[in-house]
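Participant: Kindly return the folded structure for what I paste below:
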Amino acid sequence: MRRRLILASLTAALLSLGTARAATEATFGQEAFASAQRAGKPILVFIEASWCPTCAKQRPILRQLSADPAFKDLAIFDVNFDTQKDVVRRFGATMQSTMVVFHGEAEKGRATGQTDPAAIRDLLAKANG
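Facilitator: Okay, the predicted model is just below:
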């Protein structure tokens, strides 16, 4: 019984994190991205693929970090490596599991294949300016 209560509490907490984050996370759209840039927001462009094991390791790390108050203003744009090839080319990515961070219009850093939470945190911090 105690296990069920703990499991239910954890599940509810994780679901609420996902719900809270959904408002600032979106599939890449040029106008939304340009608007975030004009507003001077910190931005993460995450180029991923559903079949990618590295991307699968990155997703929970990004979810956890995006819940951190330090990244409350971070706009996250997901780019599908397989179906959004024009966007992938635009960002100069050659592989899925690529993360590119911006502060406004300025690119501040990028990483491909990175799964170390501390390194990803450092990358996201570059977007804050």
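Participant: pLDDT weak spots in the protein?
Facilitator: Applying pLDDT under 70 to the chain picks out residues 1-25.
Participant: ok, now with 50
Facilitator: The chain contains residues with pLDDT under 50 at 1-24.
Participant: Geometric centre of it: which residue is closest?
Facilitator: Centroid-nearest residue in the chain, with Cα atoms, centre = their mean: residue 76, separated by 4.8 Å.
Participant: bridging residues for it?
Facilitator: Note on residue 76: beta-bridge partners by DSSP bridges are residue 25, residue 44.
Participant: just checking, it touches residue 26?
Facilitator: Yes: contact between residue 76 and residue 26 holds when scored by Cβ atoms under 8 Å: they sit 7.3 Å apart. C-betas here are computed from N, CA, C, even on glycine.
Participant: what helix or strand is residue 47 on?
Facilitator: strand 42-48 (DSSP states H and E).
Participant: buried residues in stretch 76-88?
Facilitator: 76-81, 87-88 (16 or more other Cβ atoms under 10 Å).
Participant: Which of the residues you listed sits closest to residue 50?
Facilitator: Within the buried residues of stretch 76-88, proximity to residue 50 (Cβ to Cβ) peaks at residue 80, which comes in at 8.0 Å.
Participant: Just list the residues touching the closest one, thanks.
Facilitator: Taking Cβ atoms under 8 Å, 6 or more residues apart in numbering, we find residue 80 in contact with 27, 48-50.
Participant: Appreciated, that's everything.
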